[in-house]
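> what follows is a protein structure lacking sequence information:
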């Protein structure tokens with residue numbers, strides 16, 4: 001049985017609270033399935049308290065235009081920041097994000113994200129949050145020079161490991177299993193006394209893959225997968241250093 005979220009809170013300015021409360025009310029009235037993620041979910045799951053500038057609302061790609069249109073029809077300003085993954089809903093200086101994928105388009109919101117119920121209480125109402133499994137998945141690739149979510153991944157594993165579906169997480173990250181292995185090794189380094197939290201079979205599987213891959217030849221195509229972490233930080237690799245790109249952008253100065 002999922003544990004109740006710990007007592008943690010994402011701090012927002014008082015003037016923003018009414019906007020977020022109204023937004024969550026309208027989200028529920030829309031009838032469109034959505035999940036709260038980002039700092040709000042991390043704080044609820046771990047007990048950490050920290051400030052945040054907005055709410056991250058996750059939905060499936062097919063529901064993305066429905067949610068934006070729902071708010072636009074009710075007088076809110078909307079923007080599609082990048083049709084590959086994110087839009088915004090505004091009221092004055094306040095906003096929240098509507099997200100259906102990651103910036104690199106490798107973390108799509110699917111029905112799997114809605115198979116478990118994990119409720120958090122925000123601004124006086126109970127709403128569904130991203131399950132711990134998918135929250136780890138969504139944060140594993142956020143490794144930018146000015147924004148690194150590795151500590152969130154480590155804290156989620158520490159505090160919510162019993163609620164993580166490790167087989168489902170491995171399935172999500174199957175193509176990028178090395179990223180998962182890196183986070184698990186990082187967790188072992190940070191919390192040496194808590195190493196047994198990670199299932200033994202998962203480490204054996206990932207280390208076996210690492211061993212088998214080491215016996216194979218290097219790829220013939222020079223690619224830079226760093227762009228899955230950060231378009232900006234690894235831009236020079238594809239513009240000047242001859243590496244093939246993994247993600248597209250809006251021209252040479254994208255990111």
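Now that the structure is in, tell me what you want to look at. Small disclaimer: the values here were computed from a predicted structure and weren't measured. Numbers count the residues shown, from 1 in each chain.

> check whether residue 106 really touches residue 141, as I assumed.
Yes - Residue 106 lies in contact with residue 141 (CB atoms under 8 Å); the separation is 6.9 Å. C-beta here means a position set from N, CA and C on the backbone, and glycine is covered the same way.

> need the residues touching each of the two.
Here residue 106 and residue 141 have 176, 228 as joint contacts, going by CB atoms under 8 Å, 6 or more residues apart in numbering.

> report the separation between residue 76 and residue 66.
14 Å (CB to CB, to the nearest Å).

> now swap in residue 180 and tell me
For residue 180, the distance to residue 66 - CB to CB - is 32 Å.

> okay, the two: which has more neighbours?
In terms of neighbours (other CB atoms under 10 Å), residue 180 is the more surrounded of residue 180 and residue 66; the figures are 22 against 13.

> what secondary structure does that one sit in?
Under DSSP: H, G, I helix; E, B strand; the rest coil, residue 180 falls in the helix class.

> how about it, nearest residue that isn't a chain neighbour?
Once flanking residues are discounted, residue 180 sits nearest to residue 173: 4.5 Å by CB to CB, 6 or more residues apart in numbering.

> gap between that neighbour and residue 233?
Going from residue 173 to residue 233 by CB to CB gives 21 Å.

> out of these two, which sits in the more crowded spot?
More crowded of residue 173 and residue 233, by other CB under 10 Å: residue 173, with 21 against 15.

> spit out the contact partners of the more buried one.
By CB under 8 Å, 6+ apart, the neighbours of residue 173 are 137, 140, 179-180.

> separate out the buried members of these.
137, 140, 179-180 (16 or more other CB atoms under 10 Å).

> output those as a markdown table; include the columns distance to residue 161 and pLDDT.
As requested, the buried ones among the contacts of residue 173 are arranged in a markdown table below (distance: CB to CB, whole Å; pLDDT from 0 to 100):
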| residue | distance to residue 161 | pLDDT |
| --- | --- | --- |
| 137 | 15 | 96 |
| 140 | 15 | 96 |
| 179 | 18 | 97 |
| 180 | 14 | 98 |
